[in-house]
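Peer 1: dropping the sequence and predicted coords here.
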Amino acid sequence: MEVFPFESAIGHHLLVVDGSRIYDIDETTFAAAQSKPDATLVSLGLAPGEPRHGPYISPEPPDLPSLNALSLNVAQSCNLACGYCYADQGRFGARARTMDWVTARKAVDLLLDQAQTSGRAVLGFMGGEPLLNRPLVRKVTQWAADAAVKRGVRLSFSLTTNATLVSEEDAAFFAEHHFTVAVSLDGPAVVNERQRPDHTGRDSTARALAGIERLLARDGAHVSIRATVTPYTGRLLPVLEYLLSLGSAEVGFAPVLVSPDPSLRFESSDFDVLLDYMIECGEAAKAALTQRRNYPFSNFETGLHEIARGSHRPYSCSAAAGYASVSADGSLVGCHRSVGDPAFAIGDIHGGPDDGRRRAFLRERHVLTQEPCRTCWARFLCGGGCHHEVLARGRLGCDFIRGWLRFLLASYAEISERHPDYFADPSRFFEHHVGE
């Protein structure tokens with residue numbers, strides 16, 4: 001049983017790696033844990049090699065679950081030409097195409113058939129820009145909603161968009177069907193216009209802001225904003241403050257590791273500065289939380305709640321397990337970022353998921369088969385990193401990830417001590433402040 005000792009503003013702590021359990025310890029035990037972890041475990045009543053809150057993560061891939069989340073790449077094309085876009089600036093390698101109704105319906109049938117074992121499913125719409133195929137998005141949603149009711153499946157919907165094409169009718173439709181809408185916007189115009197022009201070179205910011213405003217004017221949809229970060233973005237806190245001011249339910253950052261333009265992707269030497277910028281944002285979020293002010297920085301909040309739940313996993317996401325993506329031609333891939341990549345191919349909508357390929361993928365990508373993950377204290381919190389990025393670039397950002405997780409662990413220890421009610425019910429925690 002491995003341990004990772006760490007400090008926070010309130011004292012010394014110990015993370016038991018397998019099981020992601022945290023213990024408060026004194027200074028003497030902290031010093032001992034750094035040199036004699038097994039003896040430290042015994043002193044805490046934890047026998048080395050035995051799970052305390054098990055089960056341990058098995059080195060064997062878990063049993064294959066049924067698919068319960070499917071994204072449809074309804075438009076493998078885009079009206080923008082973002083310089084860092086992994087889909088060749090929305091051109092998909094000159095193979096742009098849109099999905100047809102027959103393919104989409106068959107994909108939904110596959111999802112609902114698979115999801116009947118759990119009774120829950122998520123259907124997502126992806127691109128490119130999915131609103132370039134707006135009629136199909138609406139037709140599929142209405143048909144799938146009815147079909148799910150008939151099969152006894154609770155189906156929810158999501159859509160990822162650049163928001164430049166969102167109309168009043170779109171906003172009303174997404175609200176009616178309680179969509180989770182993820183909007184890509186990289187910050188104020190001075191940041192966004194550099195990274196997200198359209199194919200004529202025009203800035204897209206004003207159109208995106210208009211679309212966001214339409215989405216937020218309706219009750220029903222859950223709207224989040226994701227900002228893609230490049231080495232040119234600069235300090236993140238002003239960007240975060242600006243995006244939060246727009247009023248979405250949450251804002252998060254995603255650094256670029258895979259890009260057709262090498263100047264827009266992070267290199268090993270860039271990550272120390274990025275970590276400083278992220279921690280500055282995290283400190284702002286922590287300060288707001290201690291004042292019971294809602295400050296929905298998703299990288300911070302999601303990480304805190306994962307630690308609070310004791311999340312420990314052998315993968316970073318559910319790609320090729322409970323989740324798959326359908327390309328416009330009906331191929332099944334383990335991740336929407338990997339359309340056309342044979343390394344992620346796991347069947348098609350006609351023959352269904354290829355369980356042999358799924359098992360092989362999950363066996364190869366298991367965190368205990370990866371180096372240096374296998375011996376890293378953060379492996380079950382991290383899950384080994386994005387499969388697409390690791391296969392394309394390797395593990396450039398491991399120190400950054402460990403640094404961010406160390407900050408989150410310390411923040412969790414401080415917040416759980418001072419505001420334990422936050423983890424019990426975050427919404428009521430902030431409502432209490434509003435009513436004071």
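Peer 2: Received it, and whenever you're ready, just let me know what you need. Numbers count the residues shown, from 1 in each chain.
Peer 1: state the distance from Ile346 to Val229.
Peer 2: Using CB to CB, to the nearest Å, we find Ile346 at a distance of 30 Å from Val229. Glycine gets a C-beta too; all of them are placed from N, C-alpha and C.
Peer 1: my bad, Ala145
Peer 2: Ala145 is 35 Å from Val229, by CB to CB.
Peer 1: residues in contact with the helix or strand that contains Phe6?
Peer 2: Taking DSSP states H and E as the definition, Phe6 sits inside strand 3-8. Identification of contacts with strand 3-8 by CB atoms under 8 Å, 6 or more residues apart in numbering yields 12-17, 25, 30, 33-34, 37, 40-41, 377-378, 406, 409-411, 413-414.
Peer 1: direction included, what does it pair against?
Peer 2: strand 11-16 (antiparallel) (DSSP bridges).
Peer 1: over to Cys78. Which of the three states is it?
Peer 2: Using DSSP: H, G, I helix; E, B strand; the rest coil, the structure places Cys78 in coil.
Peer 1: contacting residues for the most centrally placed residue in the chain?
Peer 2: Nearest to the mean C-alpha position of the chain, by CA atoms, centre = their mean, lies Cys317 at 7.9 Å. Taking CB under 8 Å, 6+ apart as the contact definition, Cys317 lies against 323, 335, 383, 386-387.
Peer 1: may I ask which helix or strand encompasses it?
Peer 2: Applying DSSP H and E, one finds Cys317 in no helix or strand.
Peer 1: would you mind measuring from it to Leu362?
Peer 2: 11 Å.
Peer 1: again, but for Arg313
Peer 2: 12 Å.
Peer 1: same check on Leu131?
Peer 2: For Leu131, the distance to Leu362 - CB to CB - is 33 Å.
Peer 1: go on, Val42?
Peer 2: Taken as CB to CB, the span from Val42 to Leu362 is 35 Å.
Peer 1: those two: who's more crowded?
Peer 2: Using other CB atoms under 10 Å, the more surrounded residue of Val42 and Leu362 is Leu362, with 21 against 12.
Peer 1: how about that one, nearest residue that isn't a chain neighbour?
Peer 2: Pro61 (4.3 Å; CB to CB, 6 or more residues apart in numbering).
Peer 1: same deal with Phe429?
Peer 2: Per CB to CB, 6+ apart, closest to Phe429 is Tyr422, 4.6 Å.
Peer 1: now whichever strand or helix holds that neighbour, how far from the centre of its chain.
Peer 2: Using DSSP H and E, the element containing Tyr422 is helix 421-424. Computed by CA atoms, centre = their mean, to the nearest Å, the chain-centroid distance of helix 421-424 equals 22 Å.
Peer 1: list the contacts of that helix.
Peer 2: Outside helix 421-424, the residues that reach it (CB under 8 Å, 6+ apart) are 289, 304-305, 308, 415-416, 428-429.
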